[in-house]
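Build me a structure from this.
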Amino acid sequence: MKKTSKVAGGNVFELPEEPLGPPETLPEETKAPTRKIAVMGSASSSAGLTPFNDPEWEIWSCSPANKHIPRCDIWFELHNPELKVREGLLEWMQWLKTQPVVYMQQAYSGYPGARRYPLEAIVDKWGPYLWTSQLAFMLALAIEQEPASIGVFGVDMAANSEYNQQRLACQVFLYHIMTKTDIQLHIPPESDILEPAPFYGYCESSRQWRKYYARKQELQNRINALQADVVAKDAEAKHLVGAMDDMEYHLAHWATRRDFFEGPQ
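Model (predicted):
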């Protein structure tokens, strides 16, 4: 019988009979007390501040957008390779086959540098709720190395897109580094990642939040007015196009008076 744990919502998670061993990370000799790991995303606000020219820093990166960075010691591609190829990223996947170290779901054949990400051990430690981006997996593995420093560059996750939904999990790892470890955390001031979300409900009592909200409403009202004007102008334009078509018809078929024979009036 396998032990299980049920949580609200009906999800059931299998519990290991024995504690999982340490994750298959990097060789033990690389866990030096002076080790520095730079975890790099692709946000333009601070990606260029990654310490490529400082040999004390290891560079860990992901994303086809970073393919041409000056150097990278470890790549991460935790998507399914077959689906990446179907999505049109064949060139990216072929390029990863030439890289010396790439963390992937499995040590896929055809990828000489592929290493299996230690998913089970990492999830056993952190739980099942934080894995919303590759950056989360990268930060968790970097913490396991117990380095002297972790830097985060090219990471904002502030856009109104899927990245906004990935932000909180990364912040959990960063807060853990700051409060539960002796690891020095380096994040450039150009990055948004350390800005917490507004306090739900309480933010409505903040003068700053209410000023921004009023400005948002003003902009929305102006947008609505312009969109209504666009609809009205579009209807007017369609009416005039119809009138023009009718006029072309009359010019082509009914403008037949021969009063020009009569000479000047």
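
Look up the residues forming beta bridges with Phe153.
Under DSSP bridges, the beta-bridge partners of Phe153 are Met40.

Neighbours of it, how many?
Counted with other C-beta atoms under 10 Å, residues neighbouring Phe153 total 27. For the C-beta atoms, the positions are set from N, CA and C on the backbone; glycine is no exception.

Can you check the pLDDT for Gln165?
pLDDT for Gln165: 84.

Mind telling me what element it is part of?
Element membership for Gln165, per DSSP states H and E: helix 162-180.

Beyond that helix, next helix or strand please.
strand 184-186.

next structured bit after that following strand?
Once strand 184-186 ends, the next helix or strand along the chain (criterion: DSSP H and E) is helix 207-253.

what distance separates that following helix from the centre of its chain?
34 Å (C-alpha atoms, centre = their mean, to the nearest Å).

That helix - what's its average pLDDT?
Mean predicted lDDT for helix 207-253 stands at 95.

Same check on stretch 108-128?
96.

Report the buried residues of it.
Within stretch 108-128, the residues that count as buried by 16 or more other C-beta atoms under 10 Å are Tyr108, Tyr111, Gly113, Ala114, Arg115, Tyr117, Pro118, Ala121, Ile122, Val123, Asp124, Trp126.

what sits against the first one?
The neighbours of Tyr108, taking C-beta atoms under 8 Å, 6 or more residues apart in numbering as the test, are Pro81, Ala114.

Could you pull up phi and psi at Thr132?
phi -110, psi 0 (degrees, to the nearest 10).

neighbours around it, how many?
17.

Pull the contacting residues for it.
By C-beta under 8 Å, 6+ apart, the neighbours of Thr132 are Gln165, Gln166, Leu168, Ala169.

and the helix holding Gln165, how far from the chain's centre?
Distance, centroid of helix 162-180 to centroid of chain: 13 Å (C-alpha atoms, centre = their mean).

same for it, what does it pack against?
helix 134-144, strand 184-186 (3 or more C-beta pairs under 8 Å, 6 or more residues apart in numbering; DSSP states H and E).

Only the buried residues of that helix, if you could.
Here helix 162-180 shows Tyr163, Gln166, Arg167, Ala169, Cys170, Gln171, Phe173, Leu174, His176, Ile177 as buried, counting by 16+ other C-beta under 10 Å.

okay, the angle between that helix and helix 134-144?
Relative orientation of helix 162-180 versus helix 134-144 (axes from the mean of the first three to the mean of the last three C-alpha atoms, to 10 degrees): 20 degrees.

Other residues contacting helix 162-180?
Contacts for helix 162-180 (C-beta under 8 Å, 6+ apart): 129-133, 135-136, 139-140, 143, 150, 152, 155-158, 183, 185, 187, 193-194, 196-197.

Could you measure from Lys36 over to Trp57?
For Lys36, the distance to Trp57 (C-beta to C-beta, to the nearest Å) stands at 5 Å.
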